[in-house]
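A.B. asks: here's my sequence, what's the structure:
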Amino acid sequence: MSSAYADMCQCRNDRGLSSILYKLLKNEGQNLPQEQQTPASASRSPGQDCPCKSKRKIVLKCPHISCAAASAVLAKTLTFIKNVPCFQALPCCDQLILLRRCWAPLLVLGLAQDKVDFETMETSEPSILHTILTNGPPNVQEESGHQHSPSAAEIQTIQRFLLKCWSLDISPKEYAYLKGILLFNPELPGLHCMEYIQSLQQEARQALKEYVKTIYTQDQTRFFNLIIALSMLRSICAGVIVELFFRPTGNINIEDKLLDMLCVHSKAQATGKTSA
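C.D. replies: Sure, this is the predicted structure:
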């Protein structure tokens with residue numbers, strides 16, 4: 001095989017095969033409309049971008065190292081939440097809402113605090129033919145669970161946030177206040193104690209402001225820089241964190257970890273009431 005042929009994009013090499021496979025899978029047979037029988041080469045100009053680029057996904061270069069570090073940070077994050085008395089005082093339903101929506105940004109903040117860096121690389125999705133030959137026909141239910149495969153833009157958002165935090169050299173106390181601001185988010189739908197949660201967030205925000213004002217007397221912009229950095233986490237999706245750091249090891253049932261933590265809280269609270 002010539003090197004020129006080997007370097008050609010696979011979507012160009014396998015056009016005939018992929019079109020036949022498409023007909024078989026879709027059960028269209030010979031009844032395709034005339035416009036769909038046009039050769040693929042005529043439907044795209046030579047200078048047009050290769051569609052393979054849209055199939056690129058991002059994976060960790062060293063998943064065994066990065067995933068272990070992320071799991072350790074998740075454990076520390078849940079321990080932090082568990083030790084916040086104001087959180088324990090909330091109804092279980094509100095605790096679960098806050099945990100479900102806040103664990104991912106809290107985890108990324110924890111990655112910044114623990115100086116956890118990670119490298120990624122691009123990989124391509126296997127072709128439909130390769131998937132069928134190796135794993136059988138695609139499972140619709142399985143595909144629905146892969147809706148948050150990390151893109152380059154999503155990974156760059158996480159890495160930009162980490163770099164921003166490291167450039168600010170955030171102290172442990174500042175990290176604690178930032179976690180409080182993230183955790184007590186009154187904007188989440190379904191909360192029963194929204195006003196109380198809002199007051200907790202304002203309290204954490206005010207405590208951070210006073211701390212920065214006292215310690216960094218010469219830096220008038222530090223508080224605003226911290227808040228701006230925190231706002232970068234709003235665009236980070238929990239599904240992306242699962243796909244990046246937990247799916248490679250099969251440890252993707254974060255929901256169980258959150259529920260286990262709440263069950264432990266509930267049992268501890270019930271025991272305390274009984275003994276009282």
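
A.B. asks: next SSE after the worst-scoring helix or strand of the chain on mean pLDDT?
C.D. replies: Using mean pLDDT, DSSP states H and E, helix 140-144 stands out as the lowest-scoring helix or strand of the chain, at a mean of 40. Sequence-wise, the next helix or strand downstream of helix 140-144 (DSSP states H and E) is helix 152-168.

A.B. asks: okay, that following helix in PDB with CA atoms only?
C.D. replies: Below are the C-alpha coordinates for helix 152-168, written out as PDB (Å, rounded to 0.1, in the frame of the first residue of the first chain):
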ATOM      1  CA  ALA A 152     -11.600  20.300  23.100                       C
ATOM      2  CA  ALA A 153     -13.500  23.500  24.100                       C
ATOM      3  CA  GLU A 154     -14.900  22.000  27.300                       C
ATOM      4  CA  ILE A 155     -11.400  20.700  28.300                       C
ATOM      5  CA  GLN A 156      -9.900  24.100  27.600                       C
ATOM      6  CA  THR A 157     -12.400  25.700  29.900                       C
ATOM      7  CA  ILE A 158     -11.400  23.500  32.800                       C
ATOM      8  CA  GLN A 159      -7.700  24.000  32.100                       C
ATOM      9  CA  ARG A 160      -8.100  27.800  31.800                       C
ATOM     10  CA  PHE A 161      -9.900  27.800  35.200                       C
ATOM     11  CA  LEU A 162      -7.100  25.800  36.800                       C
ATOM     12  CA  LEU A 163      -4.400  28.100  35.400                       C
ATOM     13  CA  LYS A 164      -6.400  31.200  36.600                       C
ATOM     14  CA  CYS A 165      -6.600  29.800  40.200                       C
ATOM     15  CA  TRP A 166      -2.900  28.900  40.200                       C
ATOM     16  CA  SER A 167      -2.000  32.400  38.900                       C
ATOM     17  CA  LEU A 168      -4.000  33.900  41.800                       C
END
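
A.B. asks: what residues sit buried inside it?
C.D. replies: Neighbour counts over helix 152-168 (16 or more other Cβ atoms under 10 Å) mark 154-155, 157-158, 161-162, 164-165, 168 as buried. Every residue, glycine included, has its C-beta placed from N, CA and C.

A.B. asks: do the same with stretch 238-251
C.D. replies: 238-247, 251.

A.B. asks: cool, stretch 90-99 as well?
C.D. replies: For stretch 90-99, by 16+ other Cβ under 10 Å, it's 90, 94-99.

A.B. asks: how far away is residue 103 from residue 213?
C.D. replies: Distance, residue 103 to residue 213, by Cβ to Cβ, to the nearest Å: 30 Å.

A.B. asks: those two: who's more crowded?
C.D. replies: Comparing residue 103 with residue 213 by neighbour count (other Cβ atoms under 10 Å), the higher total belongs to residue 103, at 24 against 13.

A.B. asks: next up, the contacts around that one.
C.D. replies: Applying Cβ atoms under 8 Å, 6 or more residues apart in numbering to residue 103 gives the contacts 74, 77-78, 238, 254, 258.

A.B. asks: quick check: the two most widely separated of those residues?
C.D. replies: Maximum pairwise distance among those (Cβ to Cβ): 14.3 Å, between 78 and 238.

A.B. asks: sorry, back to before: tabulate the buried residues of stretch 238-251 (a markdown table), appending secondary structure, distance to residue 120 and pLDDT.
C.D. replies: Formatted as a markdown table, the buried residues of stretch 238-251 follow (DSSP: H, G, I helix; E, B strand; the rest coil; distance: Cβ to Cβ, whole Å; pLDDT from 0 to 100):
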| residue | secondary structure | distance to residue 120 | pLDDT |
| --- | --- | --- | --- |
| 238 | helix | 18 | 86 |
| 239 | helix | 16 | 87 |
| 240 | helix | 12 | 87 |
| 241 | helix | 13 | 90 |
| 242 | helix | 15 | 89 |
| 243 | helix | 12 | 86 |
| 244 | helix | 8 | 84 |
| 245 | helix | 11 | 87 |
| 246 | helix | 15 | 86 |
| 247 | helix | 14 | 81 |
| 251 | coil | 19 | 63 |
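
A.B. asks: pretty sure residue 189 is in a strand, no?
C.D. replies: No. Assessed with DSSP: H, G, I helix; E, B strand; the rest coil, residue 189 is coil; it does not lie in a strand.
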